[in-house]
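Visitor: Got a predicted structure plus its sequence, pasted below:
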Amino acid sequence: MKRVLTIAGSDCSGGAGIQADIKTMSAHGVFAMSVIVSVVAENTSRVIDIQDVTPDMIEKQMDAIYEDIGTDAVKVGMLSTPQCMRAVAKKLTEYRPENIVIDPVMYAKNGCPLMDPRSIDTFKSVVLPLADLLTPNIPEAEEITGMKIETIDDMKAAALKIHEMGCRAVLVKGGHYIGDASDVLFDGETFHFFTTKRIHTKNTHGTGCTLSSAIASNLANGCTMAEAVRRGKNYVTMAIEHALELGKGCGPTNHFYDLYQNGLKTL
Ligand SMILES: Nc1ncnc2c1ncn2[C@@H]1O[C@H](COP(=O)(O)OP(=O)(O)OP(=O)(O)O)[C@@H](O)[C@H]1O
Ligand SMILES: Cc1ncc(CO)c(N)n1
């Protein structure tokens, strides 16, 4: 069984963060593990509070993984402060795992901040260069590049600019783009485009976490970058199509819809 680690924040309401990552990885048939960086008291409507795990404890969780089970792919999500970023970057540099997918989480879907705005320079210099794939949404890509992104050409230009900052591939996600849900991948050599019709739903809490974890799982299973993203996009589209009407705000996606259709329901 392939092994995939998520290094991220815990969303107690279950739709995003570590919880979305573990559900996604489990739906892909890989063995999911987690390093918890922050505990977030949040729900479908708001973020109430964030408590970071100490850098020492982040490092010890990473040591626990790499002295024992190891990984075939890693997904990195919410890193709220420069201290958290440095602890994670130190251990990724020490253990050099394959297939690192980094989602530069800055805000929850309801607009609440998850990254201290003073962390962006540390993120760019310390974390971003470790990524085999960086997966910013449009506001995150704007923050990283300082560009305004309004068109697919702007998404392509931002992907190139972020690639020049040192990561191997970039996926600019179009969930926040008006029109179709179009994502642009620059894999270091060529562009690939992944477009689906926009699904009219408010229930998109954790779509970015879900997509990046699906891509990490596909990379662990041996896919090329473009194929891993193509399959990840299909998976997140399925999960949004069958999203759950839970909570009062942006509800969670349905990570196990396909699996349940194919038999688990009868257990
Ligand atoms: N309404 C929608 N219909 C179809 N696809 C969508 C929709 N919203 C988002 N997506 C897709 O979901 C994936 C995640 O993109 P998105 O821009 O929502 O990430 P995100 O903002 O980082 O998510 P989050 O921060 O909530 O975890 C992309 O493939 C995007 O195209
Ligand atoms: C813990 C956590 N990570 C990421 C997101 C982004 O969806 C969220 N809402 N919560």
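Guide: That came in fine, so what should we check first? Ligands and ions are numbered 1, 2, ... in the order given.
Visitor: For the rest of this, base every contact and every neighbour count on C-alpha atoms.
Guide: Will do.
Visitor: can you give me the strands for the stretch 51-200 of the chain?
Guide: Taking DSSP state E, counting those that start in this stretch as the test, the strands found in the stretch 51-200 of the chain are 73-76, 100-102, 133-134, 170-172, 181-186, 191-196.
Visitor: tally of neighbours for R168?
Guide: 20 (other Cα atoms under 10 Å).
Visitor: Might you report the residue contacts of it?
Guide: 129, 131-133, 187-188 (Cα atoms under 8 Å, 6 or more residues apart in numbering).
Visitor: which of the residues you listed lies closest to I36?
Guide: Among the contacts of R168, A131 lies closest to I36 (Cα to Cα), at 18.9 Å.
Visitor: distance of that closest one from L114?
Guide: 20 Å (Cα to Cα, to the nearest Å).
Visitor: pretty sure A8 is in a helix, no?
Guide: No. Looking at A8 with DSSP: H, G, I helix; E, B strand; the rest coil, it is strand, so not inside a helix.
Visitor: Need the phi and psi values for the residue in the stretch 151-267 of the chain that ligand 2 sits nearest to.
Guide: Using Cα to the nearest ligand atom, the closest approach of the stretch 151-267 of the chain to ligand 2 is made by G206 at 4.0 Å. When read as degrees, to the nearest 10, the backbone of G206 gives phi 90, psi 10.
Visitor: Wait, I149 touches E142, no?
Guide: Yes. At 6.5 Å, I149 counts as touching E142 under the criterion of Cα atoms under 8 Å.
Visitor: Need phi/psi at the closest residue to S213 other than its chain neighbours.
Guide: Nearest residue to S213, sequence neighbours excluded (Cα to Cα, 6 or more residues apart in numbering): D21, at 5.4 Å. With angles defined as degrees, to the nearest 10, D21 sits at phi -60, psi -50.
Visitor: Pull up the gap between D21 and H28, please.
Guide: 11 Å.
Visitor: which of the two has more neighbours?
Guide: Of the pair D21 and H28, D21 is the one with more neighbours under other Cα under 10 Å, namely 36 against 21.
Visitor: per-residue confidence for that one?
Guide: Per-residue pLDDT puts D21 at 98.
Visitor: Please verify my assumption that it contacts T210.
Guide: Yes. Between D21 and T210 there is a contact at 5.9 Å, judged by Cα under 8 Å.
Visitor: residues in contact with the residue lying closest to T253 once chain neighbours are set aside?
Guide: Nearest residue to T253, sequence neighbours excluded (Cα to Cα, 6+ apart): A243, at 4.1 Å. Taking Cα under 8 Å, 6+ apart, we find A243 in contact with 203-204, 251-254.
Visitor: and A243, what are its phi and psi?
Guide: Here is the backbone geometry of A243 (degrees, to the nearest 10): phi -60, psi 160.
Visitor: what's the burial count for E67?
Guide: For E67, the count of nearby residues is 9 (other Cα under 10 Å).
Visitor: cool, and T204?
Guide: 27.
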